[in-house]
Each structure stands twice: as structure tokens, then as C-alpha cells.
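Visitor: All I have is the shape, not the residue letters:
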């Protein structure tokens, strides 16, 4: 099966990432030890975007093909995206507390964007659970998921407009402003997070599929 | 019938319904005036104009929400959605007509709200009026689509604010900051998206 292999890869990558983060990556001269949360926070945030993007892609697939599996896959991807999004908010908050002394900073664009996205995608579940299961629900969820990926850049632009920019800029047009050891650690951490998403996605999908099969069997028996 | 004729007929139907029943617009007018009065008492003395301008935008968004919640009530209660879907009209014409009637209600409410705001708080400049006009288009297009989604669910009135408010945040940013180009961009993106997506929201099986 694919799942055990994926889980094994994830475990290996996660172990490697943790080892690199705590023992290999140099301590930041300015922020000290607390800067290491960067290797969790940013990969989690990027993974969350990947989840929302994947969910929207599956939503588009659903609208094209009317394949019920695509609807379920879109839902599971967005569910994972919301979980990673919540983790982004939590890790971002901790980092803000450690480096600026406040739990929340409205001038931190990424955090504010994640708050907006978190609110938006939580409403996705309200929508989904208030409509009876069926093609109508699948279509509406798909349309809403597609609105989400359009809202990401629009909200980002809005937040950029609305405030001054004090978030530390690590990536800019001159490439990452990091030492090679930091870049390497970051890439491994990102790969580990993406692998974690892939594993959790497959696990939840398998569970949901078993659930729906069971439901069908029960209906046949009833 | 052509697309434009369909849209015109459907819009006329909505406006005529409102003219006879007078359900939505008086409620929106009363709501926006009460909200502005509340805001007057909520603001401490000596607050600058920027703060009150922010409150104007929250009042407008919530008033719009009130209108959007009512937008599909007739369709839902009279089972008119099925009838509309059966007509040979393009589905997006239903959306465009509803968005136009919502826009008309919004503009009518603001014709009262903006002078009232100018009288209660501070004067408003042309830029704010232009921003409000641009924001109305965005509110009407996205709100109509989400309104059609919300009436399909069990939660209905509860669901629409949850769907609409996160999407309306950029409108508030653009409005308070007076970024007209940003509001125009928002309108263009979401109008096209809503126009294309409406078919999937209302179609049967």
C-alpha cells in the first residue's frame, strides 16, 4: 500500500528536520534561539497554502467531471488546510511573543492574512454542514473553495495596503537572505511538512471513504 | 429573448415586488440610521474623522448584509428557484438581475445614509462617494452569489454573514483607505468569478 510508505517517508523527513533544526541550523545572531520556530512556522504556512490550492484544484476537477471522489478530496484538503492554518496562527503568535513581546501584531501581514483565510475556510464547513449531502452541496463547496484561492492574493494585497510593513522579510527578489545551512534546514522542514500533509490527507481520505462505503452497505441492508 | 431582455425582465420583477411589498428597503434605511446613531454613542468625544469614517464602512457592510439576507427570501418561500431554473434564460442572467436589484437597494439606502453620516459626523468628500459606489458593485456581485448559497442550507440567515464577511474585508480596506483602483480590481475579479460560478450554485443535479 502507498500509505505505509508515505508514513515512513514522513517520519524520516520529520526526524531529519527536527535534528537539523535543533542541532545543525545556526542560532540567529539577532533573535537567538527563538528564531528556530521559523523552521516550523513558515513551512506550516506554505503547506497550508498548498492544501488550499490542492483543495481548489480538486474543486475545479469536480465542477468539470462531476466525480464524487474529487468533492471528497477537495473537502479533505481544505480540512487539512484549516488545521495547518490554525497551527500557523499559533506558531506565528508564539514567535511574535518571543521576538516582539506581543501575542498578536496587526502589522504582521502573514498572520492577518491567515486570520482572514481561517475565518473564510471555517465558513466553508458551516456551508458544507448546513446543506444536505448530494450534488448541490458538492457544487457549492467547490465554488466556495475556488473563491478561496482567488481571495488569497486579493486579501494579501488588501493587507499590504492597509498597514506598514514590519514583518521580517526573509525572501525577497534577491533570493533567500539566509546562510546555506539555514536554507538547507528550511527546505528539509518544508519537505517534511508537505509529506506530513500528504500522509494526513491520505489517512483522512481513507477514513472518509470507509465511512461512505459503510453507509452505502447499511442503506443496502436496511 | 435575448440575455439583456431576460436580465431586464427579472430585475423589473424584483424591483416591482419591493415596490409593492416594501419589505427590504425600509428595513435597510431604518437599520443604517439606527446603526449610525449607535456609533455616535459608541465613539468617545473628540474622535477624529478617520475613526468615524471606519464606522461608516462597517454600517454600510452590515446594512448590505441585511439586504442580501432578504434578497432570495421570495425565491425560497415561494419555491421560485425551480421555476426560474426551468425558464430557458441563461442561469447567469438570474444572478445578474438579482445583483442589479440588490445594487439598486444599496444605492437607495446610501442616498439616505451618506447625507445622514455627513450631518451626524463629518462631511464626506468625492473620493468616499466614489469608493462607496465601487464597493456597492463588489458587495452586490459576491453577496448575491453567497446569498443564493446560503438559502440552500439549513442555517440560512446565520450562514450568509459567515460566508460574506471574510470576503468583504478587502472591500473595507479599499474603502477606508480610499484605494479606488483596488476596489475596481476587486469588482472586476469577483464579478467575473460570481458570474461564471452562479450556474453551479442553482442548477439541479
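Guide: Cool, got the structure. None of these values were measured; they are calculated from a predicted model.

Visitor: Quick check: nearest residue in space to residue B:197, chain neighbours excluded?
Guide: With sequence-adjacent residues excluded and distances taken as Cβ to Cβ, 6 or more residues apart in numbering or on different chains, residue B:197 is closest to residue A:143, at 4.5 Å. No exception for glycine: its C-beta is placed from N, CA and C like everyone else's.

Visitor: did I read that right, that neighbour in a strand?
Guide: No: under DSSP: H, G, I helix; E, B strand; the rest coil, residue A:143 sits outside any strand and is assigned helix.

Visitor: contacting residues for it?
Guide: In this structure, residue A:143 makes contact with A:59, A:63, B:145, B:149, B:197, B:200-201, judged by Cβ atoms under 8 Å, 6 or more residues apart in numbering or on different chains.

Visitor: Considering the residues you listed, which possesses the most neighbours?
Guide: Neighbour counts for those, by other Cβ atoms under 10 Å in any protein chain shown, peak at residue B:145, which reaches 30 neighbours.

Visitor: Which pLDDT value goes with that residue?
Guide: pLDDT for residue B:145: 93.

Visitor: Touching, it and residue B:194? I think so.
Guide: Yes: when contacts are counted by Cβ atoms under 8 Å, residue B:145 is listed as touching residue B:194 (4.2 Å).

Visitor: Please list the residues of chain A that sit near chain B.
Guide: A:63, A:116-117, A:119-120, A:122-123, A:126-127, A:130-131, A:135-136, A:139-140, A:142-144, A:146-147, A:150-151, A:154-155, A:157-159, A:161-162 (Cβ under 8 Å from any Cβ of the partner chain).

Visitor: Go through these and flag which are in strands.
Guide: Using DSSP state E, no member of the residues of chain A next to chain B falls in strands.

Visitor: what does the model give residue A:29 for pLDDT?
Guide: At residue A:29, pLDDT is 67.

Visitor: Now do the longest helix along chain B: distance to the chain's middle.
Guide: In terms of residue count, the longest helix belonging to chain B (DSSP state H) is helix B:91-120. Between the centre of helix B:91-120 and the centre of its host chain there is 6 Å, according to Cα atoms, centre = their mean, to the nearest Å.

Visitor: Which strands or helices does it pack on?
Guide: helix B:3-21, helix B:25-42, helix B:49-71, helix B:126-152, helix B:180-202 (3 or more Cβ pairs under 8 Å, 6 or more residues apart in numbering or on different chains; DSSP states H and E).

Visitor: and among those, the most buried is which?
Guide: helix B:126-152 (a mean of 23; mean count of other Cβ atoms under 10 Å in any protein chain shown).

Visitor: And chain A, is the next helix or strand after that one touching that?
Guide: Reading on from helix B:126-152 to the C-terminus, the next helix or strand found by DSSP states H and E is helix B:159-177. Yes: Helix B:159-177 is in contact with chain A by Cβ under 8 Å from any Cβ, via B:159, B:162-163, B:165-167, B:169-170, B:173-174, B:176-177.

Visitor: Out of those, which end up buried?
Guide: The neighbour-count criterion (16 or more other Cβ atoms under 10 Å in any protein chain shown) marks B:159, B:162-163, B:165-167, B:169-170, B:173-174, B:176 among these as buried.

Visitor: quick check, nearest of the residues you listed to residue A:5?
Guide: Ranking those by separation from residue A:5, with Cβ to Cβ as the measure, puts residue B:166 on top at 37.9 Å.

Visitor: Quick test: name the residue nearest the centre of chain A.
Guide: The geometric centre of chain A, computed from its C-alpha atoms, lies nearest to residue A:48 (Cα atoms, centre = their mean), at 1.3 Å.

Visitor: when you compare where the helix or strand harbouring it runs with where helix B:180-202 runs, what's the angle?
Guide: Residue A:48 is part of helix A:38-65, with elements assigned from DSSP H and E. If you take axes from the mean of the first three to the mean of the last three Cα atoms, to 10 degrees, helix A:38-65 sits at 50 degrees to helix B:180-202.

Visitor: and after helix A:38-65, which helix or strand comes next?
Guide: Per DSSP H and E, the first helix or strand lying C-terminal to helix A:38-65 is helix A:68-100.

Visitor: Quick one: list the elements packing against that following helix.
Guide: On a contact count with 3+ Cβ pairs under 8 Å, 6+ apart, helix A:68-100 meets helix A:38-65, helix A:109-130, helix A:135-162, helix A:180-221.

Visitor: The residue nearest to the centre of chain A and chain B: what is the separation?
Guide: Taking Cβ to the nearest Cβ, to the nearest Å as the measure, residue A:48 and chain B are separated by 15 Å.

Visitor: cool, residue A:9 as well?
Guide: Taken as Cβ to the nearest Cβ, the spacing of residue A:9 relative to chain B amounts to 35 Å.

Visitor: how about that residue, what does it touch?
Guide: For residue A:9, the contact set (Cβ under 8 Å, 6+ apart) comprises residue A:195.

Visitor: my read: residue B:152 touches residue A:136, true?
Guide: Yes: using Cβ under 8 Å, residue B:152 is in contact with residue A:136, at 6.2 Å.
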